[in-house]
Each structure stands twice: as structure tokens, then as C-alpha cells.
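>>> Here is the input, now give the coordinates:
(2 chains)
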Amino acid sequence: MYSEKVMDHFMNPRNVGEIENADGVGEVGNPKCGDIMKMYLKIENNVIVDAKFKTFGCGAAVATSSMATELVVGKTVDEALQITNKAVADALDGLPPAKMHCSNLAEEAIRAAIDDYRRKNGLLPEGSENNACGRRCDDIHHHFEDED
Amino acid sequence: MSDNRIIYLDHAATTPVNPQVLEAMLPYFSDKFGNASSIYSIGRESKKAIEEAREKVAKAIGALPREVFFTGSGTEADNWAIKGVAYANRDKGRHIITTAIEHHAVLHACQYLESDGFEVTYLPVDENGLVSPQQVQDAIRPDTILITIMFANNEIGTIQPIGEIGKIARERGVIFHTDAVQAVGAIPINVVDLNVDLLSMSSHKFYGPKGVGALYVRKGVKITSFMHGGAQERGRRASTENVAGIVGMGKAIELATQNIEENNKKLIELRDRTIEEITKNIPFVKLNGDRYKRLPGNVNFSFEFIEGESLLLMLDMKGIAASSGSACTSGSLDPSHVLLAIGLPHEIAHGSLRLTFGVENTHEDIDYLMEVLPMIVNRLREMSPLYEKVKRGN
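The predicted structure is shown next:
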């Protein structure tokens, strides 16, 4: 059901771990839904120079996390914000329809980590909320009325 | 073990066809291809083979041959039992009692009946997945027409007090059906001693072929016909018989029940060793289901901080086939309804692993499993932000 690329990124995930004193950290998802993605970014002169992740989730969640870290490194913050869930899925040669929400999670994790960086550096207005976190399962999961 | 070997630990999903079963089936695909309803010799031969298989199935559960009806699957047997009894007895009442941990074949059949004016009570279970006879007793109303409670659970292996429930049902005059798909061939069953009125089974769970099951209907129980057409199965389930499948099911149940004690001794040994070693060697685990009232071949654990599908994929890469109750493996939003019903929080239910052993499994298989599993669990935990928090102690 998974592409070879997904399986490769699942079995040999790139950039697993944490960054000490990361410039931006974002955590999205919910253990209730079965997936949480936490992304750490190191940012120098507005360019992402390193990215690491930790993920609790299925094969697709791990693979999209891994791919997302690969995609952001070397990009400016603004460029990284342009990365869509579809871009992450495409880079993995696609995901099964039931797993597309995992790529949403990757897009949101990037956004959350960058929001954190901006907030720490006064680049976001005071009190502006990070709206990527704390979403309910229903928002990111597809419903399958006819699972049988 | 060689690198190419698959260690199959998912016998609750399905089992390989026993070579003796396959051998018994093969002639009915070619030489003995006759339609059992035909009058000539090869037709009569098929008919005879079906009746011999019926006798074997009846004998295995202590029933009369005329009380056994072949179906296309366990799901079909469940659907027929529940809808057939409900519709045949709707003048007496419209209340049905079942449990929260039934297979979807039962739950969804009950939900269908709810949409058609029936009322269903879903009994909760305790933390081991057990329903008590008292709960059943208390739930019976004057308009209760059917109690349907599974013999043994497909996920956590818990075996229900079927005999005690049967006794209550019989005393109160309520029809009692049990979905015994996981139990037939795995534990000894006698429908007369247990006061069971209807019982569902499925051939591929006990080393028979897929695509064939059976429903036991005690003589005198009112039930509507499932399929309308020819006179097959005494008009209760019309359709040209799956002769090879039925022959295979007969042979399979005969073999399974003949060797039940010997097989179970071995399965219980493998099961108990696995439970012990996982508990001892892997931290933050929880055994799901009753420790003792459980199927001989069933092990079900939750591993905290990791997700089941990831675990299955990594086991698969190491040649181990198993299953999980995580949402990601069910294709739906929620983790297994059974794990939620025994009180597991969602995040723990997502991290479940079911290992179900069969006769071909050996201690070497467990050696290999225990070499691989702790490593995989550790690897996934090192990747998990939930584990990170525990390690840091917050």
C-alpha cells in the first residue's frame, strides 16, 4: 500500500532526534488520534540550516516527517512556509488516500516550528496564536463511512 | 531461521489450509464436479459428500446433522442468526441483548436492526473483556427475543461464560446465539451442555478453506430463511453448494477437534512463554484480555508511546506477520472498539499488537520474535515525542 519511497523513509528515517537550543520547535497532532509530530529547526540568517523530528504515528506519519525535514533544510523561512502537504506527499511518490492527513500534519509541523521561531524573535505580533496545534482528530482525518 | 521465512503469528485472521484438507477437497473441483441437486451419480456423490461433512461439523459441536446449515462465511452465519431470529420472532418482542466487544458482523447486524425498529442493549465488559451472567440476567426484559454474545473475542482472546449465560437464556425462554468463529476448533464446545440455540463458525479459522462457514440452529428455533431460491440446506439457505469448500470444512473440523488437547497444550505453552517474556523484557506494556480465560493461541499487548501500524510494518520487514487494533490499520478514525471497551485510553489502544499462534509455530519462532520485538519497540520509542517526555520525567 505504501510506495517504495515511503517505506525507505519509514525504515531509514532521516533527521530523527532533537536539536538542543533549537530556534523553532513545533508540535502538532494528538495522541488520541494516534499521531504526534514534533519538529525542531535551526535557523541562521533566516535560512533553515538543520531540522530534526520526533514522531509518534503510523508508517506514513514517520515518512512524511522525515521527508519534511529534508525539504525544509536549505530553504529560507518564507520558502519553507510555501511547502504544502501535497508537496510532501508528492516527494514521497504519493500516499494512500487514507493517509493524506499525515502529510497535513507535516505541513502543520513546519508551520508550527516556524511560528515558534518568529514568536521568539518578535517577528509575530504579541499574543498571536499558533493555530496549527491542538486540532481535533476530525479535522485532519478522513472519515470512512464505508470502511467495509 | 532463514531470511526468507515468514513467521506467521496471525492465526486469528486466517489459517493455512491443512494439506489433508486440501487433498480431501481437490476431487470436488474436477472429477466429482456434480451439482448436489442433480439426480445422476456424480450429483449424488456431491450430495453424499456434503452430508458427510455436515455430520462431522455436527459431531464436533455436539449437534444433530439436521441442525447444521452451511453458509458462505462466519459473517453470513452471524447475519443470518441475528436477522433471521429477529424477523421470525418480531411478534414476541423487539429487544436484543449483545455486548460492546462483538465482531462487526454482529455489531453492524444489530445496528441494522436498530434502524428497522428493534432495540439493542450493548452490555459493557470489565477491564479483561468479560461480561457477567448477572449483567445478562438483569438486561432481559419481557420483550427480549435474542441474546447474542461471542464465545471468544477475536482481538483479546477473552472467553465468555457461555454455559452460564446459556442457562439463564434457557430458563428465561430467550433465544441464545453465540458467534463462535474464534472458538470452534480452538476449545471444546458442546451446544447441548452449553444451552446454545444458535452458533456461528468459519472454516478458515481452523485450517479449512475460506468462503465457507456454518450456522448451528437448534431444532425448533424459529428463524427466517437467509436466501430464497432452490431447496438447498432445506430451503433455509438456497444456493448451489460450495461442495469442495464444505468437504474441506468437514475434514478441517474433524482434524481440529481430534487434536484439540494436544494442540492446546502446545499453544498455551507458546502463549504463556510469550506473555511472560514480553512482560519481563519490555517496559511500559500492558496485557490486554483476561490472563487465564483466554484462547490458547492469543497474545495481545499494548506498548505505550508507539503506534501499532509502525510496529506491524517493522515486524513485517523482519518477516513476522501480526496484527494491531490501531486506527491506522483499521482504516477508520478510532482504534479498536474492543480495546476502548476494556477501558484503554485512545493512545494506548493505538499501540496494540495481537499475536495469534497456530500449530505450525515453534519455540524457535518465539526466540526470533523476542530477539526482534524489543529492538523494534525501542527503536520506535526513541523516535516518539511521547517517550521523550517520560524519559525526562514530565
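
>>> B:I376 contacts B:L312, doesn't it?
No. Proximity of B:I376 to B:L312 does not meet the contact threshold set by Cβ atoms under 8 Å, at 9.9 Å. Yep, even glycine has a C-beta here, placed from its N, CA and C like the rest.

>>> neighbour count winner among those two?
A direct count of neighbours by other Cβ atoms under 10 Å in any protein chain shown for B:I376 and B:L312 places B:L312 higher, at 24 against 21.

>>> SS state for that one?
Classification of B:L312 by DSSP: H, G, I helix; E, B strand; the rest coil places it in helix.

>>> Count the neighbours of the closest residue to it other than its chain neighbours for me.
If the residues on either side of it in the chain are set aside, B:L312 comes closest to B:S324, at 5.4 Å by Cβ to Cβ, 6 or more residues apart in numbering or on different chains. Here the count is done by other Cβ under 10 Å, and B:S324 has 29 residues near it.

>>> Can you pull out the low-pLDDT segments for the chain?
By default, I'm working from chain A. For chain A, residues meeting the criterion pLDDT under 70 lie at A:125-148.

>>> That was the other one, I meant chain B.
Low-confidence segments of chain B, defined by pLDDT under 70: B:1-3, B:328-333, B:394.

>>> Tell me which residue is most central in it.
Central residue of chain B (Cα atoms, centre = their mean): B:Q182, 2.8 Å from the mean position.

>>> quick one: contacts for that residue?
The neighbourhood of B:Q182, defined by Cβ atoms under 8 Å, 6 or more residues apart in numbering or on different chains, consists of B:A12, B:M150, B:F151, B:A152, B:N153, B:N154, B:G157, B:K205, B:L295.

>>> Now do the same contact list for B:R291.
Contact partners of B:R291, counting by Cβ under 8 Å, 6+ apart, are B:N128, B:I275.

>>> Could you measure from it over to B:L369?
When Cβ to Cβ, to the nearest Å is applied, the distance between B:R291 and B:L369 equals 19 Å.

>>> in chain B, which spans are strands?
Ranges of strands within chain B are B:7-8, B:68-71, B:95-99, B:119-123, B:144-148, B:175-179, B:198-202, B:213-217, B:285-287, B:298-303, B:320-321, B:352-356, based on DSSP state E.

>>> Tell me which stretches of chain A form strands.
For chain A, the strands defined by DSSP E cover A:24-30, A:35-44, A:47-56.

>>> Now the second one: buried residues?
Of the residues in strand A:35-44, those with enough neighbours to count as buried (16 or more other Cβ atoms under 10 Å in any protein chain shown) are A:D35, A:I36, A:M37, A:K38, A:M39, A:Y40, A:L41, A:K42, A:I43.

>>> check these against chain B, which are close?
Subset of the buried residues of strand A:35-44 in contact with chain B: A:D35, A:I36, A:M37, A:K38, counting by Cβ under 8 Å from any Cβ of the partner chain.

>>> isn't the third one right next to A:V25, touching?
Which is A:M37. No. In this structure A:M37 lies outside contact range of A:V25 using Cβ under 8 Å: 11.4 Å.

>>> So for chain A, the centremost residue is which one?
Centroid-nearest residue in chain A, with Cα atoms, centre = their mean: A:A106, separated by 2.3 Å.

>>> ok, now which ones touch that one?
A:A106 neighbours (Cβ under 8 Å, 6+ apart): A:M37, A:T64, A:S65, A:M67, A:A68, A:N85, A:V88.

>>> what about residue 11, how many neighbours?
Assuming you mean chain A. Residues within reach of A:M11, counting by other Cβ under 10 Å, total 13.

>>> I was thinking of chain B, sorry if that wasn't clear
Here the count is done by other Cβ under 10 Å, and B:H11 has 25 residues near it.

>>> Let me know the distance separating it from A:A98.
As judged by Cβ to Cβ, B:H11 and A:A98 stand 26 Å apart.

>>> Please apply the same query to B:P133.
Using Cβ to Cβ, one obtains 40 Å as the distance from B:P133 to A:A98.

>>> repeat for B:V192
When Cβ to Cβ is the yardstick, B:V192 and A:A98 sit 46 Å from each other.

>>> Show me which of the two is the more surrounded one.
Between B:V192 and A:A98, A:A98 has the larger neighbour count (other Cβ under 10 Å), namely 19 against 12.

>>> contacting residues for the residue lying closest to B:R94 once chain neighbours are set aside?
Once its chain neighbours are removed from consideration, B:R94 has its nearest residue in B:F118; the separation is 4.7 Å (Cβ to Cβ, 6+ apart). Contact criterion Cβ under 8 Å, 6+ apart gives B:A86, B:R90, B:R94, B:H95, B:I96, B:C110 as the residues in contact with B:F118.

>>> a markdown table please, covering the residues you listed and showing neighbour count.
Formatted as a markdown table, the contacts of B:F118 follow (neighbours: other Cβ atoms under 10 Å in any protein chain shown):
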| residue | neighbour count |
| --- | --- |
| B:A86 | 27 |
| B:R90 | 15 |
| B:R94 | 19 |
| B:H95 | 20 |
| B:I96 | 26 |
| B:C110 | 23 |
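
>>> quick check, nearest of these to A:F53?
Taking Cβ to Cβ as the measure, A:F53 sits nearest to B:C110 out of those, at 43.3 Å.

>>> Skip the chain neighbours and tell me the closest residue to the closest one.
With Cβ to Cβ, 6+ apart as the measure, B:V120 is the residue that lies nearest to B:C110, at 4.6 Å, once sequence neighbours are left out.

>>> Next: B:I6.
Sequence neighbours aside, B:G319 is the residue nearest to B:I6 in space, at 5.3 Å (criterion: Cβ to Cβ, 6+ apart).

>>> Can you get me a residue count around A:R14?
A:R14 has 17 neighbours, counted by other Cβ under 10 Å.
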